[in-house]
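Peer 1: Kindly return the folded structure for what I paste below:
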Amino acid sequence: MTRPDVRRPWTASPVHSLWMMMRRNPLGLLGIGGCDCRRSQVAFPHSSETPATRGRCPMTAVDDRDTALGFRPVELGFHPDWDVHDPIAWLTGDPSALLPLLQQPVDATDLILLEQVDVEAITEPAELIDYLSVVGRLEARLASLRLAAEAAFANTACPDPTVRSSYAEAAAEQEVAYATRNSAYGASKEIERALALKETFPSFRAALAAGEITERHCAALVDQTRYITDTDVLATIEAAALEKARTLTASELRKHLDKLIARHD
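Peer 2: Next comes the predicted model:
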């Protein structure tokens with residue numbers, strides 16, 4: 001008889017695995033001494049073990065972003081790639097490890113590094129700016145998770161978007177306001193933004209999750225295009241605005257959106 005799988009679901013999380021690896025044997029991550037912290041000990045469904053290179057712990061195909069099909073750091077936290085992140089810097093909280101984080105999509109494991117860095121001990125202003133940039137990207141990632149949850153909750157309260165119930169919407173706003181410690185009006189704006197990102201502006205939603213833009217950029221897009229109903233026009237405006245959103249502030253993006261709307265609508 002097959003033994004039922006009684007593992008706790010969070011033990012299959014790569015973030016949990018990284019934490020356990022650092023807790024059990026930090027030097028094992030560097031290939032120093034005996035390494036009993038194999039990632040393959042954490043069972044992942046449908047993963048095949050790949051040969052380990054010298055000086056590394058064995059890892060499964062799920063760990064390797066080059067071999068895992070459909071694996072994206074934005075969709076799932078992964079244990080750091082030591083070819084990109086200096087393991088010594090990670091384990092010691094060296095601020096020099098912050099710079100590589102700004103060159104790829106934000107990831108849940110970035111928070112582990114931030115908690116290791118003592119900002120009071122940083123003497124280089126540029127490293128403090130890097131730290132602030134990483135914090136901002138993580139805030140964007142958290143905002144994307146919150147908005148996704150708010151959209152899911154709103155759809156549960158009002159499953160048919162064509163027949164909105166004012167009572168159900170008001171109840172949803174009150175619940176979200178309580179959960180987020182926001183006003184009912186602020187919650188209604190967030191729910192509107194969340195639904196618009198999910199249903200109309202998927203590219204902005206993905207950019208927010210990657211830490212490339214902020215929630216303020218998304219708010220500018222949703223507010224400025226509120227009265228446009230043509231889906232083709234909305235898609236065109238989103239594509240054109242996203243390129244600028246990565247480099248402009250939210251207020252600058254609003255001015256750019258005014259020009260785009262006047263041109264395409």
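
Peer 1: how about the strands in the stretch 51-200 of the chain?
Peer 2: Listed in chain order, the strands of the stretch 51-200 of the chain (DSSP state E, counting those that start in this stretch) span residues 59-60.

Peer 1: which stretches of it form helices?
Peer 2: Secondary structure of the stretch 51-200 of the chain (DSSP state H, counting those that start in this stretch): helices at 87-92, 110-116, 125-157, 166-180, 184-199.

Peer 1: Serialize the ones you listed to a markdown table and add fields for distance to residue 230, mean pLDDT and mean neighbour count.
Peer 2: Where you see a C-beta, it was placed from the backbone N, CA and C, and this is true even at glycine. Below are the helices of the stretch 51-200 of the chain laid out as a markdown table (distance: least, Cβ to Cβ, whole Å; pLDDT from 0 to 100; neighbours: other Cβ atoms under 10 Å):
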| stretch | distance to residue 230 | mean pLDDT | mean neighbour count |
| --- | --- | --- | --- |
| helix 87-92 | 48 | 57 | 16 |
| helix 110-116 | 38 | 82 | 18 |
| helix 125-157 | 22 | 93 | 17 |
| helix 166-180 | 25 | 89 | 15 |
| helix 184-199 | 15 | 96 | 19 |
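
Peer 1: is it possible to export these to CSV including distance to residue 100?
Peer 2: Formatted as CSV, these follow (distance: least, Cβ to Cβ, whole Å):
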stretch, distance to residue 100
helix 87-92, 9
helix 110-116, 10
helix 125-157, 10
helix 166-180, 32
helix 184-199, 28
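
Peer 1: Can you check which of these gets nearest to residue 241?
Peer 2: helix 184-199 (13.0 Å; Cβ to Cβ).

Peer 1: Please list the residues outside that closest one that contact it.
Peer 2: Helix 184-199 has contacts (Cβ atoms under 8 Å, 6 or more residues apart in numbering) with 146-148, 150-151, 153-155, 161, 169-170, 172-174, 176-177, 180, 182, 204-205, 208, 215, 218-219, 221-222.

Peer 1: ok, residue 237 touching residue 262?
Peer 2: No. If you go by Cβ atoms under 8 Å, residue 237 and residue 262 don't touch, sitting 10.7 Å apart.

Peer 1: which of the two has more neighbours?
Peer 2: residue 237 (22 against 8; other Cβ atoms under 10 Å).

Peer 1: what's the distance between the more buried one and residue 256?
Peer 2: Residue 237 sits at a distance of 10 Å from residue 256 (criterion: Cβ to Cβ, to the nearest Å).

Peer 1: Could you do residue 110 as well?
Peer 2: Distance from residue 110 to residue 256, by Cβ to Cβ: 29 Å.

Peer 1: Please apply the same query to residue 125.
Peer 2: 30 Å.

Peer 1: Let me know how buried residue 207 is, in neighbour terms.
Peer 2: There are 23 residues near residue 207, going by other Cβ under 10 Å.
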